[in-house]
Every structure is written in structure tokens, then in C-alpha cells.
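Novice: predicted model follows, preceded by the sequence.
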Amino acid sequence: MTSSSVRAVHANGIRFEVEVTGQSDRLALCLHGFPENRFSWRHQVPLLAELGYEVWVPDLRGYGGTDKPASVRDYRIDVLVEDVAGLIDAAGKKSVTLLAHDWGGAVAWEFVSRRLRPIERFVPMNMPHPRSLAKALRNPFGPQFRRSWYIFLFQLPWVPEWYLARNDHHAIAAAFRAMAVDKERFPREVLEHYVREAARPGAIQGMLAYYRAALRHPSTVRPQPIETPTLLVWGEEDTALGKELAEDSLRYLTNGTLRWVPRCSHWVQQEAPERVNTLLRAFLTGQPVPEV
């Protein structure tokens with residue numbers, strides 16, 4: 001069994017807590033979403049190590065054991081993509097495969113489109129290209145605007161902090177259970193992990209800062225077409241992000257594949273790990289990616 005360790009990695013001016021598994025000159029960097037942390041990739045790490053990668057799974061800025069800057073400006077997309085660049089530089093590997101979900105996916109799409117570092121393969125999960133999402137949110141009468149009500153709630157001062165922390169962070173646990181199709185994938189011990197991590201000092205503020213910075217300090221960089229081989233994985237029953245966003249995202253990819261995961265929610269790699277790992281194994285080994 002491949003051993004893992006937790007390291008302190010200094011990148012882009014802050015300290016990241018990173019779980020490292022395996023040893024290789026090929027890096028697989030996994031970026032989590034909201035309100036998760038590195039634990040969300042627990043089902044994929046063994047597969048990636050088996051396939052010959054050194055796997056780095058950081059707690060992102062504002063989460064878990066990683067530093068939590070207090071200023072919203074410290075969560076601008078320009079800063080977040082430099083976090084990814086800094087982690088890749090710290091790893092110092094020959095090649096990099098980038099996997100990302102939710103907010104990690106938003107950062108990863110931006111990172112890959114800016115071509116800040118060479119990426120061998122890219123796997124976003126249940127997060128569309130930033131332009132696809134921005135276009136959908138510009139229509140106040142469209143379905144995505146209604147799905148994204150919480151983004152606007154999160155812009156308020158203090159109220160979102162109270163809402164997420166009240167009743168022993170009940171809203172954090174409820175986010176997983178309420179959205180999941182297969183609720184057995186989120187037993188009490190998993191929910192307790194996420195609640196415990198959210199209760200760390202500064203964690204709720206850090207999580208919310210991503211949403212606040214996204215509206216206050218949007219990207220001004222024009223994204224380029226993405227030539228990196230890309231597998232977009234999408235749980236079909238995502239209630240936060242519509243399937244139409246996944247389909248539209250293919251417009252920005254010159255070498256993209258979209259695979260649906262039926263009967264699965266937004267939490268795709270946690271809720272359907274066997275099916276997601278089947279897709280990953282095929283894509284990362286250069287085989288035809290099956291329907292699952």
C-alpha cells in the first residue's frame with residue numbers, strides 16, 4: 001500500500017497543508033471545492049498513485065490546515081491561480097495532471113486557460129468553464145440564476161457566517177445530504193469531518209471569501225482556447241449547476257470529452273467514486289473513455 005504524509009508547503013506567500021501520496025516524476029494535483037477540503041479526494045488518491053503519479057491534495061487557501069488570509073482581496077482569481085502555479089513549482093515534477101471539483105474547478109479552468117504552466121491532462125468535475133457560468137448568470141430570468149441564489153446571499157456581511165455556523169454548522173452537513181442522490185455515501189462520520197473542519201478559526205470566512213471576491217474582483221484576463229486534453233465529468237443530477245453549462249463548456253476545448261454520471265449529484269467523485277475512477281483510469285492511460 002502506497003504511503004501518504006501531510007506536508008507544509010510554502011507557495012505564493014502562504015503555507016499550504018498538503019497530503020502527498022506516492023513518489024514519481026509525474027504529479028497529479030487535486031483541487032477541492034466548497035465546503036469541502038482535501039478529504040473529498042480520498043477515493044481517487046489510491047487510483048492515481050496506482051497509475052504512477054505522485055498525488056498532491058492540498059487544503060486550498062482558507063480551508064483546513066492551510067493559511068486563511070482575512071482580506072477578501074486575498075481570494076481574487078488572480079491570486080488563486082498563482083496558488084496553483086506555486087504548488088506546481090514546489091512539487092517540481094516532470095509533468096502535471098490537474099484534477100478539480102467545484103470551486104477548485106473554477107480556479108483550475110482559469111489556470112489552464114491562462115496557460116500559466118504546462119498541463120498534460122485536465123479533469124474538471126461538476127464545474128463549467130468560467131465563461132459558460134458567467135453567461136448563464138447574466139440572465140436574471142434563467143434557470144442558473146435561480147440555482148445560484150446562495151452566491152448573492154453570500155455577499156451580505158455577517159449573515160452568511162451566522163447561517164453556516166449556526167446549530168453546530170448544520171448547514172455544512174446539510175449541503176451534502178440534501179443534494180446527494182445516494183445519501184449513504186455521506187454517513188455521519190463523513191459529515192462530522194466536514195463540520196469539524198468548517199469550525200476551525202477563520203474557515204467559514206475563508207470559504208465565503210471565494211464568492212465575495214468573485215463578484216468584487218472578477219477576472220479581467222481573456223481566456224484562451226484550451227488545447228490540453230480534457231475530460232469533463234458531470235453528475236447529472238446536480239441541483240447547483242445545470243447540465244447545459246457542461247455542454248456549453250465544450251466550446252472552449254479543442255480536445256475535450258464530456259462524460260455524464262447518471263443518478264449522481266454535484267458531489268460526483270465522492271458519491272460515485274467507482275464510476276468516476278473508471279473514467280479516470282481510461283482517460284489517464286490513453287484509453288477510450290467509456291460511458292458509465
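Specialist: Structure's in. What do you need? Residues are numbered from 1 along each chain as shown.
Novice: could you pull out the helices for the stretch 101-250 of the chain?
Specialist: Under the criterion DSSP state H, counting those that start in this stretch, the stretch 101-250 of the chain contains helices at 102-114, 130-137, 143-147, 149-153, 159-179, 188-198, 203-216, 243-249.
Novice: so where's the chain shaky on pLDDT?
Specialist: 1 (pLDDT under 70).
Novice: mind doing that once more with 90?
Specialist: For the chain, the stretches with pLDDT under 90 are 1-3, 220-224, 292.
Novice: all strands of it, in order?
Specialist: 4-11, 14-21, 26-31, 54-58, 95-101, 121-125, 230-235, 256-261 (DSSP state E).
Novice: tally of neighbours for Val45?
Specialist: A count of nearby residues for Val45, using other CB atoms under 10 Å, gives 22. C-betas here are computed from N, CA, C, even on glycine.
Novice: ok, back up a step: nearest to Gly286 among the strands of the chain would be which one?
Specialist: Checking the strands of the chain against Gly286 by CB to CB gives strand 121-125 as the closest, at 9.5 Å.
Novice: got the CA positions of that closest one in PDB?
Specialist: Output of strand 121-125 as PDB, limited to C-alpha atoms (Å, rounded to 0.1, in the frame of the first residue of the first chain):
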ATOM      1  CA  ARG A 121      -4.200  16.400 -18.800                       C
ATOM      2  CA  PHE A 122      -7.100  18.200 -17.200                       C
ATOM      3  CA  VAL A 123     -10.100  16.800 -15.400                       C
ATOM      4  CA  PRO A 124     -12.700  19.300 -14.100                       C
ATOM      5  CA  MET A 125     -15.700  17.800 -12.300                       C
END
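Novice: by contact count, what packs against that strand?
Specialist: strand 95-101, helix 102-114, strand 230-235, helix 273-284 (3 or more CB pairs under 8 Å, 6 or more residues apart in numbering; DSSP states H and E).
Novice: mean neighbour count and distance to Leu164 added to these, as TSV?
Specialist: Shown next, in TSV, are the helices and strands packed on strand 121-125 (neighbours: other CB atoms under 10 Å; distance: least, CB to CB, whole Å):
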stretch	mean neighbour count	distance to Leu164
strand 95-101	24	19
helix 102-114	24	15
strand 230-235	26	23
helix 273-284	19	26
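Novice: export those to CSV and tack on distance to Ala175?
Specialist: Formatted as CSV, these follow (distance: least, CB to CB, whole Å):
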stretch, distance to Ala175
strand 95-101, 14
helix 102-114, 11
strand 230-235, 14
helix 273-284, 19
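Novice: out of the helices of the stretch 101-250 of the chain, the one nearest Arg73 is which?
Specialist: helix 203-216 (6.9 Å).
Novice: show me what that closest one is packed against.
Specialist: Short answer (3+ CB pairs under 8 Å, 6+ apart): helix 203-216 packs on helix 77-91, helix 149-153, helix 159-179, helix 188-198.
Novice: try it again at 6 Å.
Specialist: Judged by 3 or more CB pairs under 6 Å, 6 or more residues apart in numbering; DSSP states H and E, the packing partners of helix 203-216 are helix 159-179.
Novice: quick one, what contacts Tyr194?
Specialist: Neighbouring residues of Tyr194 by CB atoms under 6 Å, 6 or more residues apart in numbering: Ile172.
Novice: actually Asp89, not the one I typed
Specialist: If a contact means CB under 6 Å, 6+ apart, then Asp89 has no contacts.
Novice: again, only this time at 10 Å
Specialist: Ala11, Asn12, Arg117 (CB atoms under 10 Å, 6 or more residues apart in numbering).
Novice: chain neighbours aside, what residue packs nearest to the last one?
Specialist: In space, and not counting its chain neighbours, Arg117 is closest to Ile88: 5.1 Å by CB to CB, 6 or more residues apart in numbering.
Novice: cool, the second one as well?
Specialist: If the residues on either side of it in the chain are set aside, Asn12 comes closest to Gly86, at 3.9 Å by CB to CB, 6+ apart.
Novice: give me the number of residues near that neighbour?
Specialist: 18.
Novice: please look at it and Val18 and confirm they touch.
Specialist: No - with contacts counted by CB atoms under 10 Å, Gly86 stays clear of Val18, the gap being 11.3 Å.
Novice: re earlier: of the helices of the stretch 101-250 of the chain, which is nearest Leu280?
Specialist: Of the helices of the stretch 101-250 of the chain, the one closest to Leu280 (CB to CB) turns out to be helix 102-114, at 14.7 Å.
Novice: related to what we said a few turns ago, between the strands of the chain, which one is closest to Tyr210.
Specialist: That would be strand 26-31 among the strands of the chain, by CB to CB, at 12.0 Å.
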